[in-house]
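Visitor: let's see this in three dimensions:
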Amino acid sequence: MSSTVRRDVACHPIVAWQFQAGLDPVGYYPSYGPLPAVVGVRDQSGDWGTPGHERTLELSDGGFVIERLTDVRSPTFFAYDLRDFQKLFGGLVSGARAEWSFERIAEGTSIRWTYAFHPRLGRRWIVALIVRAAWAPYMKRVLARIAEGTASATRTS
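Guide: Numbers count the residues shown, from 1 in each chain. Below is the predicted model:
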């Protein structure tokens, strides 16, 4: 069960990649319907730019999820796996994978974010419903915030 969103920003891919790769997710990942906000980051092992590094995202519903960076190809791509979901997704998925790509276009950079959940046995239908009804619109909101943050960082640098 996956969803992909895309947004163009008026900056070089290096700038977009650096902004996103170094982003503190607090404030950029708000709550949306049944989806909790990211309210904290803990246990981060080093900077968020080296494969193998992990961090725990604390969520507004009291749960958490662990991210592990798996692939970094600056300035065009990075990916991470997610595990140990709690609360809403804990009983529905065994994990997830997020991939971010940054493609040079005439107007700047096209940012693409793909998020794929791995549903537990017998849970595919409900995960599909959540992705369609809540997760896909949530991703659009998050990417819009990140694109605006990238644009603001570009204007002030």
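Visitor: tell me the centre residue of the protein?
Guide: Most central in the chain under Cα atoms, centre = their mean is Ala98, positioned 6.0 Å from the mean C-alpha point.
Visitor: leaving out sequence neighbours, find the closest residue to that residue.
Guide: Tyr115 (5.0 Å; Cβ to Cβ, 6 or more residues apart in numbering). Quick note: C-beta positions are derived from backbone N, CA and C, even for glycine.
Visitor: how about the secondary structure of Trp125?
Guide: Taking DSSP: H, G, I helix; E, B strand; the rest coil as the rule, one finds Trp125 in the helix state.
Visitor: from Val131, how far off is it?
Guide: From Trp125 over to Val131 the distance is 11 Å, taken as Cβ to Cβ, to the nearest Å.
Visitor: got it, and Asp8?
Guide: Between Asp8 and Val131 the computed distance is 23 Å (Cβ to Cβ).
Visitor: now Trp113
Guide: Noted for Trp113: a distance of 14 Å to Val131, by Cβ to Cβ.
Visitor: tell me the pLDDT at the residue nearest to Lys87 when sequence neighbours are not counted?
Guide: On the basis of Cβ to Cβ, 6+ apart, the spatially nearest residue to Lys87 that is not a chain neighbour turns out to be Gly63, at 3.9 Å. We note a pLDDT of 96 for Gly63 in this prediction.
Visitor: quick check, Gly63 in contact with Asp84.
Guide: No. In this structure, Gly63 sits apart from Asp84 without contact. The criterion is Cβ atoms under 8 Å, and the distance is 9.2 Å.
Visitor: if you count surrounding residues, which of those two has more?
Guide: Under the neighbour definition other Cβ atoms under 10 Å, Gly63 and Asp84 were set side by side, and Gly63 has more, 16 against 13.
Visitor: go ahead and measure how far the one helix or strand Thr150 maps to is from the middle of the chain.
Guide: For Thr150, the host element (DSSP states H and E) is helix 136-156. In terms of Cα atoms, centre = their mean, to the nearest Å, the centre of helix 136-156 is set 12 Å apart from its chain centre.
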